[in-house]
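> what follows is a predicted protein model with its sequence.
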Amino acid sequence: MKNDNYENSLLETIRKLLNLVFVLVIIIALLPFVLLNLDANGEFFESDSTPKVAATTPINTETSTGVTSIYWAPPSFEQITDLKKLDLVFYGKELIEHTAKFLGPKGNVSSLTNGQNCQNCHLEGGTKIFGNNYGAVASTYPKMRARSGTKESIQKRVNDCFERSLNGKPLKNNSLEMRSIVAYIQFLGSNIPKGGKAEGSGLKDLRFLERAADPVKGKPLYEAKCASCHQSNGEGTRNPDGVEYSFPPLWGSHSFNDGAGLYRLTNMARYVKYNMPFGVSHDQPSLSDEEAWDISAYIISMPRPHKNTPTDWPDISKKPIDHPFGPYADKFTEKQHKYGPFTAIKEFYKK
């Protein structure tokens with residue numbers, strides 16, 4: 001009887017050992033697949049509150065038609081090992097995203113601008129695809145610009161925005177604020193080789209209408225699709241603190257002046273089509289082409305600050321086809337240059 005108990009105990013121990021060996025074999029066999037899956041999904045152990053860092057290489061973006069395209073993506077801040085440079089770049093980012101906080105009418109550094117933020121035009125801190133981003137700035141500047149007829153630096157381009165889009169005063173080139181903004185813009189484009197192109201930079205092309213864009217048609221469209229954020233009077237929506245805008249004014253005394261790039265209809269229509277109403281993306285717009293053109297025509301028909309620019313376009317033959325102020329090197333009127341139709345003007349300059 002004693003031997004029987006011993007044998008039964010031994011058999012039970014052997015069975016348990018065999019089960020353990022079987023489990024270990026399965027774990028060892030599955031381990032490579034688990035590790036591969038974790039590598040491919042690096043956010044597996046991240047909580048919802050874990051900050052996400054931007055990709056360091058161009059990303060694959062699938063459009064609404066299912067076609068995959070490659071667009072520029074900003075580099076990661078983790079690449080910056082110099083702490084002084086990191087501080088400069090981060091301050092530049094803050095200045096772009098919250099310009100009014102530092103340099104607006106109630107700015108805690110100076111009072112230079114109309115109260116808008118740079119990212120009101122350069123969306124998501126200048127990183128949104130076809131949202132007027134900064135991806136190509138570092139790779140293309142300094143460069144010749146027909147508007148001034150001179151070779152311009154990044155500093156000059158920044159101050160153009162301060163004086164036109166922000167309807168304000170220029171920054172000093174050696175100021176901490178200018179150095180920080182330039183450092184941020186240069187960092188964003190640091191993954192594009194000199195002379196290279198950042199895919200998805202600037203604004204996305206939009207076909208011309210065969211007719212002139214119509215402010216009268218644009219008004220009810222604006223009321224239906226834009227006024228809830230930018231208000232019926234175009235004055236925008238301020239944050240409760242009165243320092244910044246949640247949604248910027250599109251006309252009136254606190255909006256961009258008529259020397260700004262978005263005062264040109266083709267720029268405004270492309271911007272509106274692929275970025276508005278707020279939250280849409282370039283591959284899933286909600287406005288039709290005609291709606292984008294007519295809403296934009298209504299916006300630029302409204303009153304805003306005027307900027308004297310007597311030195312703009314010293315060679316008038318290089319004026320953009322939608323530049324709304326003469327003289328021109330063609331026979332078309334200011335009204336057609338402002339609202340279109342543009343096809344005939346474009347064909348004239350192809351000759």
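Thanks, I have it.

> please count neighbours and contacts with C-alpha atoms only from this point.
Will do.

> low-confidence ranges, this protein, go.
1-69 (pLDDT under 70).

> can you give the domain ranges for it?
Dividing the chain into domains by automatic domain parsing, as the record does, gives the ranges 77-188, 215-344.

> Ile345 against Glu334, yeah?
No. Look at Ile345 against Glu334 with C-alpha atoms under 8 Å: they stay out of range, at 11.6 Å.

> compare the domains of the chain and report which one is nearest to Leu209.
Within these, the stretch nearest Leu209 is domain 215-344; the backing value is 6.5 Å (C-alpha to C-alpha).

> first-to-last residue distance for the closest one?
From the first residue to the last, domain 215-344 extends over 20 Å; the measure is C-alpha to C-alpha, to the nearest Å.

> cool, stretch 144-153 as well?
When the termini of stretch 144-153 are compared using C-alpha to C-alpha, they are 9 Å apart.

> do you know how far Ile70 is from Ala198?
With distances defined as C-alpha to C-alpha, the gap from Ile70 to Ala198 amounts to 10 Å.

> check Leu206 too.
As for Leu206, its distance to Ala198 is 19 Å (criterion: C-alpha to C-alpha).

> again, but for Ala227
Separation of Ala227 from Ala198 (C-alpha to C-alpha) stands at 33 Å.

> next one: Gly131
For Gly131, the distance to Ala198 under the criterion C-alpha to C-alpha works out to 13 Å.

> these two: which is more packed in?
The neighbour comparison of Gly131 against Ala198 (other C-alpha atoms under 10 Å) goes to Gly131, with 27 against 24.

> how near is the more buried one to Gly202?
Here the distance between Gly131 and Gly202 works out to 7 Å (C-alpha to C-alpha).

> ditto for Arg157
Noted for Arg157: a distance of 14 Å to Gly202, by C-alpha to C-alpha.

> comparing the two, which residue is more hemmed in?
Counting neighbours by other C-alpha under 10 Å for Arg157 and for Gly202 shows that Gly202 has the greater number, 22 against 14.

> pretty sure the more buried one contacts Gly126?
No. If you go by C-alpha under 8 Å, Gly202 and Gly126 don't touch, sitting 9.9 Å apart.
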